[in-house]
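Undergrad: Sequence first, predicted coordinates after that:
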Amino acid sequence: MIEPTQALANYVAELTYERIPKEARHNACRAIVDTFGCAIAGIGEDAARITTALGRADGGAPRATVLGGGRAPDSLKLPPAAAALINATAGHALDYDDVNAMGHPSVPVAFTAMAAAEDAGASGRAMLAAYVAGVEVETKVNRAFTDSHYSLGWHSTATIGVLGAAAAAAKIYGLDAKKTAIAFGIAASQASGLRQNFGTMTKPYHPGHASWAGLNAARLARMGFTADAAILDAKFGYFPVLSAGPYRVERATAELDKWAITTPGLSVKKYPCCYCTHGSIDAVLALKERFKIDPHAVRSVTAELSPFYIAPLIHHRPATGLEGKFSIEYTVAAAILDSRVALASFTDAMVSRPEVRTLIERVGSKVNNTRAQGVAATFVRLTIELEDGSRLVEEVPEPRGAAGNPMSDAEIEAKFLDCWEFAPDRRGDGGAPAALAMLWDIERLDNLAELAQVLA
């Protein structure tokens, strides 16, 4: 068996746009539209605003575009890694970006590919291929860990995403397999991100840093920098050090001929909060529509989730909008009170409403192990007990937007337009249709200059 780092490096170096099946390319376009929409909405959030201010203060060679950096001709351009960091932070700032078993696969990869493509003068087709390479590497690496990495407290979106980012940048810059393996070695030493920071600005910074580190890893490797070219499975390498228990390295290279972006695919978020809350929100909204529940008549609510889905929901009495994104209590309460969970649900003021604080005390969760385990355990059973003693129960096998219960292209477009209108400096500017058209047809762009101008 070829050493896994080299096998993945060979895979990235040999991947071409022409080899990617039509369905996989379409799924990549769906993900790019969705991810860029999330970043456009997120660029005004504090995490993105502060990183943008830092990037503006530091300056540097203006070679890649910051999405919310200002109108042309005064749009903000920075060194590629700095632009990638800001845009990826913005893309995750609202916790609205797509998910799969690895975590959030698109956000650390898409903006690396964009920044590197701008830097290199590459085409939209090259960017799409780089994006696919990055997501495939992330997903394949994650298979070796199973649940043993995330359970230690690592934020896999960042710790695995840095390898995806390195793969995407290596593809854009045309690194051969030997230098791609070196890029993986450099990136692996920068794998970082702790789940304890969920609910703070540092959480979206994680994929921002992964994008920055992965892009620079490829650039350094291209310039002759050295690293262990067998980093993944070496004695003190990536898998042994970052695993809580036994890992299965062969899983990382077992299906290099299959497209993870198609099967099992990516899950698009319908709500701008931790994906582990989505099934419960779906259940509440279904029950409210069916039974016209009066929030004041709710005695208690119990959400039954898998251990994996309970684990990230660490804020039981959230005090901020960011904390509310990782609170089953708040998201359920908001769904009951407002009959919707939207971008506007996650402000500090919304979380602090007296009626929310009252209802949160009636919401609880417990473990349910009756369905698939680990990252596949999307099943939710939600029970609402009313003051008259009646019990309303709803089961959700997979939330809307999951790869197995997907949103349509039209729904993804509607989400993009909503994200555009959510951004104060975009509202009513008329730029959304042009941006959407170019993102859907990114494969046909000779370069990214016009797209970057519209997104700036």
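TA: Okay, I see it.

Undergrad: Relative to residue 12, how far out is residue 228?
TA: 17 Å (CB to CB, to the nearest Å). From N, CA and C alone the C-beta is placed, and that goes for glycine too.

Undergrad: Which one's more surrounded, these two?
TA: Neighbour tally, residue 228 and residue 12, criterion other CB atoms under 10 Å: the higher count belongs to residue 12, 25 against 18.

Undergrad: in the chain, which helix or strand is least confident?
TA: Ranked by mean pLDDT, DSSP states H and E, the weakest helix or strand in the chain is helix 307-310, scoring a mean of 84.

Undergrad: just checking, what packs against that one?
TA: strand 363-367 (3 or more CB pairs under 8 Å, 6 or more residues apart in numbering; DSSP states H and E).

Undergrad: Mind giving me the packing neighbours of the strand it packs on?
TA: Under the contact definition 3+ CB pairs under 8 Å, 6+ apart, strand 363-367 sits against strand 298-305, helix 307-310, helix 328-338.

Undergrad: Any buried residues in the shortest one, and which?
TA: The reference is to helix 307-310. 308, 309, 310 (16 or more other CB atoms under 10 Å).

Undergrad: got it, and stretch 293-312?
TA: 293, 298, 301, 302, 303, 304, 305, 306, 308, 309, 310, 312.

Undergrad: would you list the buried residues of helix 307-310 in a markdown table and tack on distance to residue 331?
TA: Converted to a markdown table, the buried residues of helix 307-310 look like this (distance: CB to CB, whole Å):
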| residue | distance to residue 331 |
| --- | --- |
| 308 | 17 |
| 309 | 12 |
| 310 | 13 |
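
Undergrad: ok, so of those, who is nearest residue 270?
TA: residue 309 (15.8 Å; CB to CB).

Undergrad: Just give the nearest non-adjacent residue to the closest one, would you?
TA: residue 276 (4.1 Å; CB to CB, 6 or more residues apart in numbering).

Undergrad: contacting residues around the one you found?
TA: Applying CB atoms under 8 Å, 6 or more residues apart in numbering to residue 276 gives the contacts 305, 308, 309, 310, 311, 312, 313, 328.

Undergrad: Residue 400: which of these is nearest?
TA: residue 309 (15.8 Å).

Undergrad: Give me the distance between the closest one and residue 395.
TA: Following CB to CB, the distance that separates residue 309 from residue 395 is 14 Å.

Undergrad: pLDDT value on the residue lying farthest from the centre of the chain, please?
TA: Relative to the C-alpha centroid of the chain, counting by CA atoms, centre = their mean, residue 388 is the outermost residue, at 41.8 Å. For residue 388, the pLDDT comes out at 95.

Undergrad: One more: residue 356?
TA: 97.

Undergrad: Please apply the same query to the one 10 residues further on.
TA: Note on residue 366: pLDDT of 91.

Undergrad: I'd like to know how many residues surround it.
TA: Count around residue 366 with other CB under 10 Å applied: 10.

Undergrad: residues in contact with the nearest residue to it once chain neighbours are set aside?
TA: Leaving aside its chain neighbours, residue 366 sits nearest to residue 304 (5.7 Å; criterion: CB to CB, 6+ apart). Applying CB under 8 Å, 6+ apart to residue 304 gives the contacts 365, 366, 367, 368, 380, 381, 382, 383.

Undergrad: Could you dump these into JSON lines with distance to residue 200 added?
TA: Putting those into JSON lines (distance: CB to CB, whole Å) gives the following:
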{"residue": "365", "distance to residue 200": "22"}
{"residue": "366", "distance to residue 200": "26"}
{"residue": "367", "distance to residue 200": "26"}
{"residue": "368", "distance to residue 200": "29"}
{"residue": "380", "distance to residue 200": "26"}
{"residue": "381", "distance to residue 200": "31"}
{"residue": "382", "distance to residue 200": "28"}
{"residue": "383", "distance to residue 200": "32"}
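
Undergrad: Make a ChimeraX selection of the buried ones in those residues.
TA: Here is the ChimeraX command that picks out the buried ones among the contacts of residue 304, judged by 16+ other CB under 10 Å:
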select :365,368,380,381,382,383
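
Undergrad: So which of the contacts of residue 304 is the closest to residue 242?
TA: So of the contacts of residue 304, ranked by how close each gets to residue 242 (CB to CB), first place is residue 367, at 25.5 Å.

Undergrad: Roughly how far does the closest one sit from residue 333?
TA: Taking CB to CB as the measure, residue 367 falls 21 Å from residue 333.

Undergrad: In a markdown table: the helices and strands packed on strand 363-367, plus distance to residue 282.
TA: Output for the helices and strands packed on strand 363-367, formatted as a markdown table (distance: least, CB to CB, whole Å):
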| stretch | distance to residue 282 |
| --- | --- |
| strand 298-305 | 11 |
| helix 307-310 | 13 |
| helix 328-338 | 9 |
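
Undergrad: And these, which one averages the lowest pLDDT?
TA: helix 307-310 (a mean of 84).

Undergrad: In this structure the residue farthest from the centre of the chain contacts residue 293, no?
TA: No. Residue 388 lies out of contact with residue 293 (CB atoms under 8 Å); the separation is 11.6 Å.

Undergrad: ok, back up a step: so who does the closest residue to the residue farthest from the centre of the chain other than its chain neighbours touch?
TA: Excluding the flanking residues, the one nearest residue 388 by CB to CB, 6+ apart is residue 297, at 7.3 Å. The contact partners of residue 297, by CB under 8 Å, 6+ apart, come to 386, 387, 388.

Undergrad: Just the ones in strands from those, please.
TA: residue 386 (DSSP state E).

Undergrad: Where do the strands of this structure begin and end?
TA: For the chain, the strands defined by DSSP E occupy 64-65, 77-78, 298-305, 363-367, 380-386, 391-396.

Undergrad: was I right about residue 209 contacting residue 192?
TA: Yes. Between residue 209 and residue 192 there is a contact at 6.9 Å, judged by CB under 8 Å.

Undergrad: More neighbours: which of those two?
TA: For residue 209 versus residue 192, the count of surrounding residues by other CB under 10 Å is larger for residue 209: 24 against 14.

Undergrad: which intervals of this structure have sub-threshold pLDDT?
TA: For the chain, the stretches with pLDDT under 70 are 1, 69-74, 371-377, 428.

Undergrad: Domain ranges for it, per the record?
TA: Per automatic domain parsing, the structural domains of the chain span 4-269+411-455, 275-396.

Undergrad: Run through who's touching stretch 335-350.
TA: Contact with stretch 335-350 is made by 41, 94, 96, 271-273, 280-281, 284-285, 288, 293, 295, 298, 301, 319-322, 324-325, 331, 334, 353, 355-356, 359, 384, 418-419, 422, as judged by CB under 8 Å, 6+ apart.

Undergrad: Which ones among these lie within helices?
TA: Under the assignment DSSP state H, the contacts of stretch 335-350 contribute 41, 280-281, 284-285, 288, 321-322, 324, 331, 334, 355-356, 359, 418-419, 422 to helices.

Undergrad: residue contacts, the most centrally placed residue in the chain?
TA: In the chain, the residue lying closest to the centroid (CA atoms, centre = their mean) is residue 104, at 2.9 Å. Contact analysis of residue 104 by CB under 8 Å, 6+ apart lists 92, 97, 98, 157, 161, 207.
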